[in-house]
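Visitor: Using only what follows, build the 3D model:
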Amino acid sequence: MTQVVVEVGARLRYDGRVWTLAVLEGARATLVTDEGAAAVVLLPYLFAHPSFEVEGGTAPGRVPPFGLLEALPVEVRERALAWQRHVREVETGFPDTVGQSAPRGQFDPATRSLAQRERAKAEELTAAGWSASAATVRRMRARYRSEGLWGLVDGRAVRERSAVGRADERVVAAVRKVLEGQRERSTDTLVRLRRRVGWLLEEEYGPGVVALPPASTFNRLVHAVADGQGLLGTAAQRRWHASRPAPPFTPTVALRPGELVMLDSTPLDVLAVLDDGVTGRLELCIALDVATRSICAAVVRPVGTTSVDAAMLLAQMVVPTAMRPGWDAALSMQRSVIPYERLIALDARLEGAAARPVIMPETVVVDQGRVYVSASFVSACESLGVSVQPVPPANGPAKGNVERTFRAIADGFSQYLPGHTGSDVSQRGATAEQDACWSLAQLQELLDEWVVCGWQEGRHEALRHPMMPRVAVSPNEMWAALVAVTGHVPVPLSADDYVELLPVRWQAVNDYGIRFGYRTYDHPGLNPYRRRRSPRADKNGRWEVHHNPYDPNRVWVRLPEGWLEVPWVHAAA
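Guide: Sure thing, here's the model as predicted:
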């Protein structure tokens, strides 16, 4: 490799003009033109400028592409290295930079001309079986000086091959045209596709003018033309490929908890016994924090989402998750990696909370479903200062994080439950309905426990510590790390705010209490209001009752002095 040197008096090309290097002082060069113009340029800027060139000098050497060299077959790489030694010996007398004290006689530059050394090398290579002439040696020298070691590689080994090989361009064009034309059609076979290509060729060029390749060759050609273009596969796959936004794709980035929370629903692959005693399908709705991959809320319900369910996700997100009876003490927040001591000073309710961080959302990403763009849901978000960001229609990749979480729930939770149905009818067992023995409330409690134990505490391969990318972390560990970076912890909403977000019903307060959903709720605090009408005349004297549809143990009644929590009379049983 030739070392290019720039010294005082050198003629340079720069910025479309010819200059003479007049003064070289440190990292600055003073340039003058023949007309007397002068300029002072920093050397790093001068060398990096696209128009910089030394007049009359040799081109600077190029570093060979070592990655490409390593990928070559061993015999091709060894032959290129052998040519490098032969070329060096012709030019300098030494085949290697070290290890030889004197050149061989026929390659000594002091006694032999370059042409003589080239002929001597050609004779030596011919005797070794290479069949190389002096012109070949001269050509390899030129390639080595211009391209380095890469110039000595056999071009046949690195020649790019066309994906369609030597196929007739007219056949390739016809295949591509037919594939494009059937993008919106129903799925068909390669046999039908071959016939359509044959008909198109006859129509454009006449019968028998362009021959179709054999079936096996044609099939390989079709896959080569359609590779990565979304032109093959089922109709659903082709539609999905056509609906994708144009690349490059921008990854969803969130750097602090709550910055971006994704809400979505999906069928849960589990049958359950519903409140009416009938076995039915369920639907799962979750809220996922993108920065920490925490499942902020998860609600299981019968198929058929209503707008109040979406508001309930907000309610679950903004209050701590209470430890349930029978849960292991290891699931409590004080036993986890969450900075419990710091949080308990802000909210005493965290003393009995489970190991799931409370994340106040800043922006929620939702789809175009009427559940998430309803007036009640948007109003609930506005009341909390949460921005609602709908994704464009038919844009699944925009919520890829939550889609992957649904698959993880199916793999880590749903398939271990009785009544598991699989993702479609072909995967359903014959006894799935007989196995469905959990009620809706029981499944909700099992899911809550799995979220705290299996999801929040488990390490995820796709979740990496921001400063240690080789370390996989759990959502709780990521939350603790990001909170330390952001330097603040949002204060959870109060219990009253949680109740305000729950669905509302208007009920009478009778002697026996409140009858709600065929359940009776009673509390001594209702005594002054039994059989009394509320101040709300527009509600026919009924009282405002808020409830959690998936937790039947209590309801809340708004009384003149505030909220009263009224338990189910059979909750203790």
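Visitor: Can you check which strand is longest in this protein?
Guide: strand 261-273 (DSSP state E).
Visitor: and that one, what other elements does it pack with?
Guide: Other helices and strands packing on strand 261-273, by 3 or more Cβ pairs under 8 Å, 6 or more residues apart in numbering; DSSP states H and E, are strand 279-289, strand 295-302, helix 307-317, strand 363-366, helix 400-412, helix 432-435, helix 440-450. (Glycine included, C-beta is placed from N, CA and C.)
Visitor: avg pLDDT for that strand?
Guide: Mean pLDDT, strand 261-273: 87.
Visitor: tell me the domain boundaries of this structure?
Guide: The chain is divided into the following domains under automatic domain parsing: 11-54, 66-158, 169-243, 261-486, 502-567.
Visitor: Any idea how far apart the tips of the first one sit?
Guide: The straight-line separation of the ends of domain 11-54 (Cα to Cα, to the nearest Å) is 6 Å.
Visitor: any idea of the mean pLDDT for that domain?
Guide: So the average pLDDT for domain 11-54 ends up being 88.
Visitor: Equivalent analysis for the third one, please.
Guide: The average pLDDT within domain 169-243 is 84.
Visitor: Check the offset of that domain from the chain's centre.
Guide: What separates the centre of domain 169-243 from the centre of its chain is 32 Å, taken as Cα atoms, centre = their mean, to the nearest Å.
Visitor: Could you do the second one as well?
Guide: When C-alpha coordinates are averaged (Cα atoms, centre = their mean), domain 66-158 and its chain have centres 48 Å apart.
Visitor: what's the average pLDDT for it?
Guide: The average pLDDT for domain 66-158 rounds to 86.
Visitor: Identify the residues contacting residue 118.
Guide: Residues near residue 118 by Cβ atoms under 8 Å, 6 or more residues apart in numbering: 90, 134, 137, 138, 141.
Visitor: host element of it?
Guide: helix 114-127 (DSSP states H and E).
Visitor: Counting neighbours, which bits of stretch 9-18 end up buried?
Guide: Buried positions in stretch 9-18, judged by neighbour count with 16 or more other Cβ atoms under 10 Å: 10, 12, 14.
Visitor: Redo these as CSV? Include distance to residue 341 and secondary structure.
Guide: Compiled in CSV, the buried residues of stretch 9-18 are given as follows (distance: Cβ to Cβ, whole Å; DSSP: H, G, I helix; E, B strand; the rest coil):
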residue, distance to residue 341, secondary structure
10, 69, coil
12, 67, strand
14, 64, strand
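Visitor: And for residue 294, nearest residue in space, chain neighbours not counted?
Guide: residue 475 (4.2 Å; Cβ to Cβ, 6 or more residues apart in numbering).
Visitor: I should have written residue 49 there, sorry.
Guide: With sequence-adjacent residues excluded and distances taken as Cβ to Cβ, 6+ apart, residue 49 is closest to residue 14, at 6.2 Å.
Visitor: Hmm, that neighbour is touching residue 43, no?
Guide: No: Residue 14 is beyond contact range of residue 43, at 11.5 Å (criterion: Cβ atoms under 8 Å).
Visitor: hang on, the earlier thing: ok, which of the domains of the chain comes nearest residue 252?
Guide: domain 261-486 (5.8 Å; Cβ to Cβ).
Visitor: Quick check: the gap between the residue lying closest to residue 473 once chain neighbours are set aside and residue 479.
Guide: The shortest distance from residue 473 to any non-neighbouring residue, by Cβ to Cβ, 6+ apart, is to residue 465 (5.1 Å). Counting by Cβ to Cβ, to the nearest Å, the separation of residue 465 from residue 479 is 12 Å.
Visitor: Between the two, which is the more surrounded one?
Guide: When residue 465 is set against residue 479 and neighbours are counted by other Cβ atoms under 10 Å, the residue ahead is residue 479, at 28 against 14.
Visitor: Could you dump the helices and strands packed on strand 261-273 into JSON lines and include distance to residue 378, mean pLDDT and mean neighbour count?
Guide: JSON lines is the format used below for the helices and strands packed on strand 261-273 (distance: least, Cβ to Cβ, whole Å; pLDDT from 0 to 100; neighbours: other Cβ atoms under 10 Å):
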{"stretch": "strand 279-289", "distance to residue 378": "16", "mean pLDDT": "88", "mean neighbour count": "20"}
{"stretch": "strand 295-302", "distance to residue 378": "18", "mean pLDDT": "87", "mean neighbour count": "22"}
{"stretch": "helix 307-317", "distance to residue 378": "9", "mean pLDDT": "71", "mean neighbour count": "23"}
{"stretch": "strand 363-366", "distance to residue 378": "10", "mean pLDDT": "87", "mean neighbour count": "22"}
{"stretch": "helix 400-412", "distance to residue 378": "20", "mean pLDDT": "89", "mean neighbour count": "17"}
{"stretch": "helix 432-435", "distance to residue 378": "38", "mean pLDDT": "68", "mean neighbour count": "15"}
{"stretch": "helix 440-450", "distance to residue 378": "26", "mean pLDDT": "88", "mean neighbour count": "19"}
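Visitor: Which strand residues bridge residue 288?
Guide: For residue 288, the beta-bridge partners are residue 262, residue 295 (DSSP bridges).
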